[in-house]
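Peer 1: Show me the folded form of this:
(chains A and B, ligands or ions: 2)
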Amino acid sequence: MTIADTTPVTTEDQEELARFRRERVMKIARWTLPSLVMILTVLAWHLYVAINEVPHYVLPGPGLVAQKMVEDWGILWPAMILTGRLTILALLFAVIGGVGLAVAFTQSKWAELSFFPYAVILQVTPVVAIAPLIQIYVDNAFVAALLCAWIVAFFPILSNTTIGLKSADHNLSDLFTIYGATRWQRLRYLAAPSALPFFLGGLKIAGGLALIGAVVAEFVIGRAGTGLGLASTLLEASYRFNFGRLYAALILISVMGVVIFALMSLISHLALFRWHESALKRES
Amino acid sequence: MNQTRPPIDQRAPLLRMSHVEKTFRGNVVALRDMNLAVNQGDFVSLLGPSGCGKSTALRLISGLMSPTSGRIEWTGGQSKDDLGVVFQEPTLMPWARVVDNVWLPFRLRGVPYTDVKDDVLEALRLVGLEKFQRAFPRELSGGMKMRVSIARALVTKPRLILMDEPFAALDEITRHKLNNDLLALREQIGCTIIFVTHSVFESVFLSDRIVVMAARPGRVIREVQVTAPYPRDEEFRTSADYAAHCREASEALHDAMGEAA
Ligand SMILES: Nc1ncnc2c1ncn2[C@@H]1O[C@H](COP(=O)(O)OP(=O)(O)O)[C@@H](O)[C@H]1O
Ligand SMILES: [Mg+2]
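Peer 2: Ligands and ions are numbered 1, 2, ... in the order given. Here you go, the predicted model:
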């Protein structure tokens, strides 16, 4: 025991210490608990397959999946790159198209009245139903798949950004009028920053949808035998009862989804943490 | 006190509203036959219950809307482009730092920051926030945000500042402090202020003229002059003079409510 340890500890200090300890426990639990669940699930999966001697074409064990992941890496990795490129490009064009249209809609009432219904129609028509048509009319399979993924991803960006651009504080808007702001100044200094949190919310949704769109497009279009992404690899593996590879591909698709979500959340945090309420941390 | 104001009856005219009416959707009469002359250096309060057209009057003056009938004339070379405005909410851009918020009126006129840096910092100094220039609005308290809003209104040195219940949402202690500081500010920059409030005490403490209004339809009932000299401080708040003026304004307001009922 040191001398410092023997000095009387006030209740305030104790509370502070307790709070600090609680926080540290939470921090550790945030990582350890999900990891534990993962380990137990994999273990249960393994035991179930091993004890019941489930054939590998019904449910492959985790060992087999891991083995396939390594063995087939030469196939899976390029497939993942392809699906990744498809998703990112679709998202990029969704941002360009969604934001561009949203700006056009808010600048011109006529443009909104004329075109918004079609944006909705495009959104509500299931992409699986449109994909075969796109496949017929667009020669390049990659471009066709890109178009499918884009259709799915762009609407949340369009609708969120449109709402965001209109969400500027009324008094601030009046202030801009009083100071004689031009249209451009209003868009640049008022509407755009007001829309940012809405846009980023849309981006988070669109990121996930772009991946879903890419997977659907690959299911429908990739079957034609051109470029093999993760989803077409998965589909092909299922035809061949190669369930080890199927599960490996499935896991990689999930990983991609998680990475995209984390990336969008990071972008959102970086853009908003200084000023937006949603990024405000409070002690509970 | 680097500006000397002439006595209240010898000031140059600035703004005149004559027979101004504002009707919404054909039947809601927000303002009926409003006549008001504002002179340079005046601190005029519009006092009345909610719905009596105070905000409407300010919006007409600022040119955000035009009267249904009647005229608003600017005199003495003043125009409605030379205005500062403070709303009930601080109305700051949450994404912009304090300096950028105060720079806004200049920025919208195409003036780069470097050209007006001194004015911006001076405005922040006047409201006592020079240390917070790099802060974001959410880091400030309600009173401090309101100070930023005031700094933004006066940064262009407008000759007229319109304030629409700027301190109504603040606690009383903060409100008193800001009232004191607003008067001190006015002594330094010598601007004209039209101040909307529903607080008798606030209007008496601040203004040299109180325009009492009534609702349904919104109209001016009476004008009360507060003859007490400036600078006014905490001492004035406890003086007999202050109490007497409060009673006078209260009675006028009571009459206004009575007539409306
Ligand atoms: N844009 C508007 N459209 C319709 N009615 C309005 C509008 N603005 C104000 N009014 C009406 O005009 C009256 C006066 O409103 P306002 O000037 O805001 O009063 P105050 O600021 O004194 O509370 C109210 O009855 C209000 O409902
Ligand atoms: Mg009002």
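Peer 1: In the chain, where's the longest helix?
Peer 2: Just going to use chain A. When chain A is parsed with DSSP state H, its longest helix is helix A:11-52.
Peer 1: ah, no, chain B please
Peer 2: Longest helix in chain B, counting by DSSP H: helix B:240-260.
Peer 1: still on that earlier bit, and the longest helix of chain A, what other elements does it pack with?
Peer 2: Judged by 3 or more Cβ pairs under 8 Å, 6 or more residues apart in numbering or on different chains; DSSP states H and E, the packing partners of helix A:11-52 are helix A:62-71. For every residue, glycine as well, the C-beta is placed using N, CA and C.
Peer 1: so what secondary structure elements neighbour the next helix or strand after the helix it packs on?
Peer 2: Downstream of helix A:62-71, the next assigned helix or strand under DSSP states H and E is helix A:73-107. Helix A:73-107 sits against helix A:109-124, helix A:141-165, helix A:192-221, helix A:230-239, helix A:243-272, with contacts defined as 3+ Cβ pairs under 8 Å, 6+ apart.
Peer 1: Quick check: buried residues in the last one?
Peer 2: Buried positions in helix A:243-272, judged by neighbour count with 16 or more other Cβ atoms under 10 Å in any protein chain shown: A:243-250, A:252-253, A:256-257, A:260, A:264, A:268, A:271-272.
Peer 1: and it with helix A:192-221, angle?
Peer 2: 170 degrees (axes from the mean of the first three to the mean of the last three Cα atoms, to 10 degrees).
Peer 1: returning to that earlier point: quick one: average pLDDT of the longest helix of chain B?
Peer 2: Averaged over helix B:240-260, pLDDT sits at 85.
Peer 1: Need the contact partners of it.
Peer 2: B:47-49, B:52, B:200-201, B:203-205, B:210, B:212-216, B:221-222, B:224, B:226, B:228, B:236 (Cβ atoms under 8 Å, 6 or more residues apart in numbering or on different chains).
Peer 1: in what helix or strand does the spatially closest residue to B:N35 that is not a sequence neighbour lie?
Peer 2: The shortest distance from B:N35 to any residue other than its chain neighbours is 5.7 Å, reached at B:S18 (Cβ to Cβ, 6 or more residues apart in numbering or on different chains). In the assignment (DSSP H and E), B:S18 maps to strand B:13-24.
Peer 1: How about that strand and ligand 1, any contact?
Peer 2: Yes: against ligand 1, strand B:13-24 shows contacts by Cβ under 6 Å from any ligand atom at B:F24.
Peer 1: Neighbouring strands of that strand in the sheet, and parallel or not?
Peer 2: strand B:28-39 (antiparallel), strand B:69-74 (antiparallel) (DSSP bridges).
Peer 1: Doesn't B:V211 belong to a helix?
Peer 2: No: if the criterion is DSSP: H, G, I helix; E, B strand; the rest coil, then B:V211 is strand and not within a helix.
Peer 1: Would you check that it makes contact with B:L36?
Peer 2: Yes: with contact taken as Cβ atoms under 8 Å, B:V211 and B:L36 are classed as touching, separated by 6.4 Å.
Peer 1: who has more neighbours, these two?
Peer 2: Legend: neighbour count by other Cβ atoms under 10 Å in any protein chain shown for B:V211 and B:L36, higher for B:V211 (25 against 19).
Peer 1: Beta-bridge partners for that one, please?
Peer 2: With DSSP bridges as the rule, B:V211 is bridged to B:L46, B:E223.
Peer 1: Can you give me the distance of it to B:A30?
Peer 2: 16 Å (Cβ to Cβ, to the nearest Å).
Peer 1: B:D119 too?
Peer 2: Counting by Cβ to Cβ - B:D119 and B:A30 are separated by 36 Å.
Peer 1: Those two - which one has more neighbours?
Peer 2: More crowded of B:D119 and B:A30, by other Cβ under 10 Å: B:A30, with 24 against 18.
Peer 1: quick one: pLDDT of that one?
Peer 2: So, for B:A30, pLDDT stands at 93.
Peer 1: so it touches B:G53, yeah?
Peer 2: Yes: at 4.7 Å, B:A30 counts as touching B:G53 under the criterion of Cβ under 8 Å.
Peer 1: what do the two both touch?
Peer 2: Counting by Cβ under 8 Å, 6+ apart, the contacts common to B:A30 and B:G53 are B:22, B:217-218.
Peer 1: Between B:V211 and B:L36, which contacts overlap?
Peer 2: Common neighbours of B:V211 and B:L36, counting by Cβ under 8 Å, 6+ apart, are B:44, B:220.
Peer 1: who touches A:A210 in this structure?
Peer 2: If you count contacts by Cβ under 8 Å, 6+ apart, A:A210 has them with A:87-88, A:90-91, A:94, A:149-150, A:152-153, A:260.
Peer 1: Just the buried positions in the strand holding B:S18, please.
Peer 2: Across strand B:13-24, burial judged by 16+ other Cβ under 10 Å covers B:14-17, B:20-22.
Peer 1: same deal with stretch B:110-121?
Peer 2: Under the neighbour-count criterion of 16+ other Cβ under 10 Å, stretch B:110-121 has B:116, B:119-121 buried.
Peer 1: okay, now residue 68: neighbour count?
Peer 2: I went with chain A, as the question did not name one. Using other Cβ under 10 Å, the number of residues around A:K68 comes to 23.
Peer 1: my bad, chain B
Peer 2: Using other Cβ under 10 Å: B:T68 sits among 15 other residues.
Peer 1: same question, the one 4 residues further on
Peer 2: Neighbours of B:I72 under the rule other Cβ under 10 Å: 18.
Peer 1: which non-adjacent residue is nearest it?
Peer 2: Closest to B:I72 by Cβ to Cβ, 6+ apart is B:M17, at 5.2 Å.
Peer 1: what's the spacing between the one you found and ligand 1?
Peer 2: 14 Å (Cβ to the nearest ligand atom, to the nearest Å).
Peer 1: so what's that residue scoring on pLDDT?
Peer 2: Looking at B:M17, the pLDDT reads 95.
Peer 1: Correct me if wrong: it contacts B:M34.
Peer 2: Yes: counting by Cβ under 8 Å, B:M17 does reach B:M34; the two are 5.5 Å apart.
Peer 1: Surely the residue nearest to B:N35 is in contact with B:E73?
Peer 2: Yes: between B:S18 and B:E73 there is a contact under Cβ under 8 Å: 7.4 Å.
Peer 1: Just the strands from chain B, written as ranges.
Peer 2: B:13-24, B:28-39, B:43-47, B:69-74, B:83-86, B:160-164, B:192-197, B:209-214, B:219-225 (DSSP state E).
Peer 1: ok, B:C191 - contacts?
Peer 2: Here B:C191 is in contact with B:84, B:154, B:157-161 (criterion: Cβ under 8 Å, 6+ apart).
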